[in-house]
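> Sequence unavailable; structure follows:
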C-alpha cells in the first residue's frame, strides 16, 4: 500500500511540477474536492492511427503483463476489482501497457471518499482512467476512450460519469476536450468532529452513499 501511494505521489509531481505538487499536498490533506463529469456515449473522439496499438478487456491471460507494466497495481487488487464486477479496458502498444481504465455500472466503493458512488439508471461509472507517464501525448488515452464508447453502446449504457480530483488540472482539461461536462462536486473537509462532507450540483449524499442524479429531460432544460 505504501509503495502504491509513493508511486501515485511521484506521478502527481510529474504532472504538476515539483513546486505545485509539493504545495498541493498540505491542502489536499486538509480538504478534498472532486468534480463530477459526464459524457454521453454517442460523443465522438478524434483518434489518429496508432501503429501496434490494441484495446482489450483485461483477462487472466494478460494479468501478469499488466501488473508488470503498472507498478502501482497488484494482481490481488485486480482480482478484488473483478470480484466487485469492475471491468478494466487496456490499451496495449507493441505488447506493453500504455493506458487503462476501470468501469462498472450500478454502484462502486470509492476508498478515497469512504463512500459508495451510486449511478443513475443507464450510467456507466468511470472509476479510474490513467495513461502511463511514458505514453502520454501518444493518443493512447483517446483510443481507449473510443473503444470504451463502442463497448458501452453494446452494453446499453447511455452516459458515463466519473469523479476527477480538483488538483488534477491536466485530467480536467483533457476530459473537457473530449466533451465532458461538469455537473457537480463532492468532497470533505477535516474538522474536530472528523470529516465534514458536502455535495453540489447533480450529486446527493444519501447515508453512506453518494447518488448521481439522472439527467434532466430536454423539456425540463428548455423550461429552465
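Sure, I can see it. This is a predicted model, so every value here is computed, not measured. Numbers count the residues shown, from 1 in each chain.

> And the residue nearest the centre of the protein?
The chain has residue 128 as the residue nearest its centroid, 3.1 Å off, counting by C-alpha atoms, centre = their mean.

> Now do the contacts for that one.
Applying C-beta atoms under 8 Å, 6 or more residues apart in numbering to residue 128 gives the contacts 100-102. Yep, even glycine has a C-beta here, placed from its N, CA and C like the rest.

> redo that, cut-off 10 Å
73, 81, 86, 88, 100-103, 162 (C-beta atoms under 10 Å, 6 or more residues apart in numbering).

> how about the residues you listed in TSV, adding distance to residue 192 and pLDDT?
TSV is the format used below for those (distance: C-beta to C-beta, whole Å; pLDDT from 0 to 100):
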residue	distance to residue 192	pLDDT
73	36	89
81	35	96
86	36	97
88	40	98
100	40	97
101	38	96
102	35	97
103	38	97
162	32	96
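
> Nearest to residue 116 among the residues you listed?
Sorting the contacts of residue 128 by how near they are to residue 116, with C-beta to C-beta, puts residue 86 at the top with 13.3 Å.

> Tell me which stretches of this protein form strands.
Using DSSP state E, the strands found in the chain span residues 31-40, 53-57, 87-93, 96-105, 107-110, 115-118, 123-131, 159-165, 181-191, 194-201, 203-206, 209-212.

> mind putting those strands in JSON lines, distance to residue 151 included?
Listed next are the strands of the chain as JSON lines, based on distance: least, C-beta to C-beta, whole Å:
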{"stretch": "strand 31-40", "distance to residue 151": "14"}
{"stretch": "strand 53-57", "distance to residue 151": "8"}
{"stretch": "strand 87-93", "distance to residue 151": "7"}
{"stretch": "strand 96-105", "distance to residue 151": "9"}
{"stretch": "strand 107-110", "distance to residue 151": "17"}
{"stretch": "strand 115-118", "distance to residue 151": "20"}
{"stretch": "strand 123-131", "distance to residue 151": "9"}
{"stretch": "strand 159-165", "distance to residue 151": "11"}
{"stretch": "strand 181-191", "distance to residue 151": "21"}
{"stretch": "strand 194-201", "distance to residue 151": "27"}
{"stretch": "strand 203-206", "distance to residue 151": "25"}
{"stretch": "strand 209-212", "distance to residue 151": "20"}
